[in-house]
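Participant: Build me a model:
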Amino acid sequence: MNLRLMAARIIDDVTNGCSLLDVLSSSLTSLKDARDRAFVQAVCYGVCRFYSRLDVVLSQLLKKPMKAKDSIVHALLCVGLYQLMDMRVPPHAAVDETVKAADKLNQPWARGLVNAILREYLRHKAKIDETIQADPESEYAHPLWWISSIKKVWPAHWQAILQANNAYPPFALRVNQRRMTREQYLEKLQASELTAHIISETQMGIILDSPMAVETLPGFSAGEVSVQDGAAQLAAELLDVHAGQRVLDACAAPGGKLTHILEREAHLAACIAIEKEAARMSSIKENLTRLQLQAQCICDDAGEVKGWWDGQLFDRILLDAPCSASGVIRRHPDIKLLRQPQDIGAMAKQQARLLESLWPLLKPGGMLVYATCSIFPEENVGVMQAFLAAHPEAQEEPILAEWGVMCEVGRQILPGMCEMDGFYYARVKKSN
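Facilitator: Reported below is the predicted structural model:
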């Protein structure tokens, strides 16, 4: 298998609406060599991260736009350009191997085009690299609608957000407090000659200075630590669970917040996890098994309460609502290719539906934590303001913290703040 061609096919699938993680996972199983898998993954993530920039460069190099039916050739050209612009692959190797990939497309003209475009870029690299900085899509490596939307809602932060989106995410971990303290795990890392530092905004979070395969992480298989961004770790802390309480984690996959709740409180009366997608339920169960924790897992739509609820009220509800994922682009760069402007309003409607469905399940005096990994106010503050206006028995429980930006309701972490992903949190209590 030609690795460049494999990467191009994956990118082609993503540009046609598929999730990078899903396509990549199924494709990499055919590669036995870890170095080959790492190369394909690096290329695919890089092309998605800088797709807008690569597309601008191609528009300058191509005499006419490529036809939709030739999208695989366009993807292969992006793969070739990314190697030349951002990877340490020797230019001659990048060109030669990408041209060989074109040979396998059964389109005789593709070889000549790929060879010509890549060599043209090398000949005029300095000039092209200079001119593309004048194009906002290229400079910031985001579609124009993303740039204008973020500039509108975060006028003081928009450039920092776009730059953070294009950065490589930190390797963040959550220490299992049932097993050891954060300081004890840091000592364990040091004994393995691994350096790390704490995420001071969290109680159990640390960042490993250099990423590594999770399987080789000290104590991972024994359940001593989990991979989880610092912002995501705040959910369980804000939920503030106590012994004897009934807790609901709606939209629970992949299970990071659920397991954190269980690590923090071993004596809950019940902990129920709802996940709509059966394929994602397996990740919840895998995390529970590795950490030796238990929860009642139900595969259903959290908003269709009659299908799964037993009639008993909850003391705590975590609604980690489906959203645009605009705050986690640095971890999932394909979001820039997959999302469309109309998606934001559609997500807000879905979030409001879930809130309305789950609110009656909360006990008087209980608390609901609303969370998204979005940075768009329409999905966050806007949803919560409308909800509070419609429910006089719902009262905001202010989040007193130094992280993020205080909003009219809740707090917003922007990508890169405190080395965290972009997350929004709001807490609402039900009056007695």
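
Participant: Could you check how many residues crowd around the closest residue to residue 2 other than its chain neighbours?
Facilitator: Of all residues not flanking residue 2 in the chain, residue 101 sits nearest, at 4.6 Å (CB to CB, 6 or more residues apart in numbering). The way it works is simple: take the backbone N, C-alpha and C, and place the C-beta from them, glycine included. By the criterion of other CB atoms under 10 Å, residue 101 has 25 neighbours.

Participant: I'd guess residue 101 is in a strand, am I close?
Facilitator: No: looking at residue 101 with DSSP: H, G, I helix; E, B strand; the rest coil, it is helix, so not inside a strand.

Participant: Would you mind listing the residues in contact with it?
Facilitator: By CB atoms under 8 Å, 6 or more residues apart in numbering, residue 101 lies in contact with 2, 4, 5, 8, 76, 79, 114.

Participant: Just the pLDDT for it.
Facilitator: Looking at residue 101, its pLDDT is 96.

Participant: all helices in the stretch 1-150 of the chain, in order from the N-terminus.
Facilitator: Applying DSSP state H, counting those that start in this stretch to the stretch 1-150 of the chain gives helices spanning 3-15, 20-28, 34-49, 51-61, 71-86, 91-103, 108-123, 125-131, 136-140, 144-153.

Participant: could I get those helices as JSON lines with distance to residue 197?
Facilitator: Formatted as JSON lines, the helices of the stretch 1-150 of the chain follow (distance: least, CB to CB, whole Å):
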{"stretch": "helix 3-15", "distance to residue 197": "34"}
{"stretch": "helix 20-28", "distance to residue 197": "28"}
{"stretch": "helix 34-49", "distance to residue 197": "24"}
{"stretch": "helix 51-61", "distance to residue 197": "31"}
{"stretch": "helix 71-86", "distance to residue 197": "27"}
{"stretch": "helix 91-103", "distance to residue 197": "36"}
{"stretch": "helix 108-123", "distance to residue 197": "39"}
{"stretch": "helix 125-131", "distance to residue 197": "34"}
{"stretch": "helix 136-140", "distance to residue 197": "29"}
{"stretch": "helix 144-153", "distance to residue 197": "29"}
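
Participant: Lowest average confidence across those helices, which one?
Facilitator: Looking at those, the bottom one is helix 125-131 with a mean of 89.

Participant: Distance from the chain centre to that helix, please.
Facilitator: A distance of 32 Å separates the C-alpha centroid of helix 125-131 from that of its chain, computed with CA atoms, centre = their mean, to the nearest Å.

Participant: Mark which of the contacts of residue 101 are buried, thanks.
Facilitator: 4, 5, 8, 76, 79, 114 (16 or more other CB atoms under 10 Å).

Participant: For the protein, give the strand that spans the most residues.
Facilitator: If you go by DSSP state E, the chain has its longest strand at strand 362-372.

Participant: contacts for that strand?
Facilitator: 235, 238-240, 257, 313-321, 323, 327, 351, 355, 358-359, 379-380, 383-384, 397, 410, 423-432.

Participant: Go again with 6 Å.
Facilitator: 235, 238-239, 313-321, 323, 379-380, 424-430, 432 (CB atoms under 6 Å, 6 or more residues apart in numbering).

Participant: swap in stretch 313-325?
Facilitator: With contacts defined as CB under 6 Å, 6+ apart, stretch 313-325 is touched by 239, 241, 245-251, 335, 339, 343-344, 347, 350-351, 354, 358, 361-363, 366-374, 379.

Participant: Please spell out which residues along the longest strand of the chain are buried.
Facilitator: 362, 363, 366, 367, 368, 369, 370, 371, 372.

Participant: Run through the bridge partners of the last one.
Facilitator: Beta-bridge partners recorded for residue 372 (DSSP bridges): residue 424.

Participant: Quick check: it vs residue 99, distance?
Facilitator: Using CB to CB, to the nearest Å, residue 372 is found at 44 Å from residue 99.
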